[in-house]
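> Sequence plus predicted model, see below.
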Amino acid sequence: MLVLANDQEHNIEVNEFKLTSRALHPENTEIKVGDNVIGGKKLAIIAGPCSVENKEQILDIAKSVKSAGATFLRGGAFKPRTSPYSFQGLEDEGIDLLKEARKITGLPIITELTSLQYLDEFVENIDIIQVGARNMQNFDMLKQLGKTKKPILLKRGLASTIEEFLLSAEYIMAGGNENVILCERGIRTFEHYTRNTLDISAIPIIKKLSHLPIIVDPSHASGIWWLIEPLSKAAIAAGADGLIIEVHNQPEIALSDGEQSIKPKRFEELMIGLRKIANIEDREI
């Protein structure tokens, strides 16, 4: 039985945690992506639209977030949507546009893998492969991702416990891929005001239990653009290693999740405030 955490109030003993546990890996894991490191002193700031919609849109946003200090570009090419009638993404064209934005700005790109049929394409073209909340326990996908060496951003499931979250990361690492980045993106609760509920306590808990870096997605956690700033600041104060923020130049006509996206100018202003919080926590942006 492996002791993951042992103090006067809690004693979590789970023998399945062999690779994600801080007990066996005391030092924080730092994952190198190009010239960037996730998990070190400098915070990873991932920004971009929920969906890649067209060339002008993704290039304009990429240039804006790069100028404001973002270190990675996000954008959905394949979009798993609750309704089959919602915009499903540009698919291969979206990947090509992300690659063009990377070439112009130098920002590494991150996008979500929705099916293993696209795995080879993603391994070849994408810098960080995102596993969405709905696929957190898609164990066949996790096993195949474990056979690659690509950094994987693993999002917490809609109603998953921290234990289940870490065990999903264990699946990837058990296959040989140690480049796992955790993402707290809010969980489903009885509250309806926000899209989800950001579990801020998950950040220090995971930091205690695991050596893996963890970033926070305040956009999906809240579903409300004006909540991104306070939740982002809270996440950094709680010890997060970075943020993934949805930015859109025209959120009022966005094809997906415009209500939780901020405009480039507001992102620029947000970054100024986040640098102040980061400095207090002895981190950098």
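Received the coordinates, thanks.
> Could you check the pLDDT of the closest residue to P264 other than its chain neighbours?
Using CB to CB, 6 or more residues apart in numbering and skipping residues adjacent in sequence, the residue nearest P264 is S64, 3.6 Å away. Heads up, the C-betas are built off the backbone N, CA and C, glycines and all. For S64, the pLDDT comes out at 98.
> which residues touch S64?
Residues counted as contacts of S64 (CB atoms under 8 Å, 6 or more residues apart in numbering) are V247, N249, P264, F267, E268.
> who wins for neighbours among the residues you listed?
V247 (29 neighbours; other CB atoms under 10 Å).
> Got the phi and psi for that one?
Dihedral angles of V247 (phi, psi; degrees, to the nearest 10) stand at phi -130, psi 130.
> Quick check: the farthest pair among the contacts of S64?
With distances taken as CB to CB, the most widely separated pair in these is N249 and E268, at 12.3 Å.
> Check this structure for its longest helix and report it.
Secondary structure of the chain per DSSP state H: the longest helix is helix 264-280.
> Please give me every residue in contact with R81.
Neighbouring residues of R81 by CB under 8 Å, 6+ apart: F87, Q88, S256.
> what kind of secondary structure is it in?
coil (DSSP: H, G, I helix; E, B strand; the rest coil).
> Quick check, pLDDT for it.
R81 carries a pLDDT value of 75.
> Spatially nearest residue to I244, not counting backbone neighbours?
The shortest distance from I244 to any non-neighbouring residue, by CB to CB, 6+ apart, is to I46 (4.1 Å).
> what's across from the one you found in the sheet?
Counting by DSSP bridges, I46 is bridged to F72, I244.
> Help me confirm that S232 comes into contact with I245.
Yes. S232 is within contact range of I245, at 6.9 Å (criterion: CB atoms under 8 Å).
> ok, L24 touching K18?
Yes. When contacts are counted by CB under 8 Å, L24 is listed as touching K18 (6.8 Å).
> List the residues that contact D120.
Counting by CB under 8 Å, 6+ apart, D120 makes contact with nothing.
> How confident was the prediction at it?
Looking at D120, its pLDDT reads 97.
> and it, how far is that from G34?
Computed as CB to CB, to the nearest Å, the D120 to G34 distance reads 21 Å.
> cool, and K55?
Taking CB to CB as the criterion, K55 is separated from G34 by 23 Å.
> What would the longest helix of the chain look like as PDB? C-alpha coordinates only.
C-alpha atoms of helix 264-280 as PDB (Å, rounded to 0.1, in the frame of the first residue of the first chain):
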ATOM      1  CA  PRO A 264      -7.600  40.500 -26.800                       C
ATOM      2  CA  LYS A 265      -7.500  43.900 -25.100                       C
ATOM      3  CA  ARG A 266      -8.900  42.500 -21.900                       C
ATOM      4  CA  PHE A 267      -6.500  39.600 -22.000                       C
ATOM      5  CA  GLU A 268      -3.600  42.200 -22.300                       C
ATOM      6  CA  GLU A 269      -5.000  44.000 -19.200                       C
ATOM      7  CA  LEU A 270      -5.400  40.600 -17.400                       C
ATOM      8  CA  MET A 271      -1.800  39.700 -17.900                       C
ATOM      9  CA  ILE A 272      -0.700  42.900 -16.200                       C
ATOM     10  CA  GLY A 273      -2.700  41.900 -13.100                       C
ATOM     11  CA  LEU A 274      -1.500  38.300 -13.200                       C
ATOM     12  CA  ARG A 275       2.100  39.300 -13.200                       C
ATOM     13  CA  LYS A 276       1.600  41.100  -9.900                       C
ATOM     14  CA  ILE A 277       0.000  38.000  -8.300                       C
ATOM     15  CA  ALA A 278       2.800  35.800  -9.800                       C
ATOM     16  CA  ASN A 279       5.500  38.000  -8.300                       C
ATOM     17  CA  ILE A 280       3.900  37.700  -4.800                       C
END
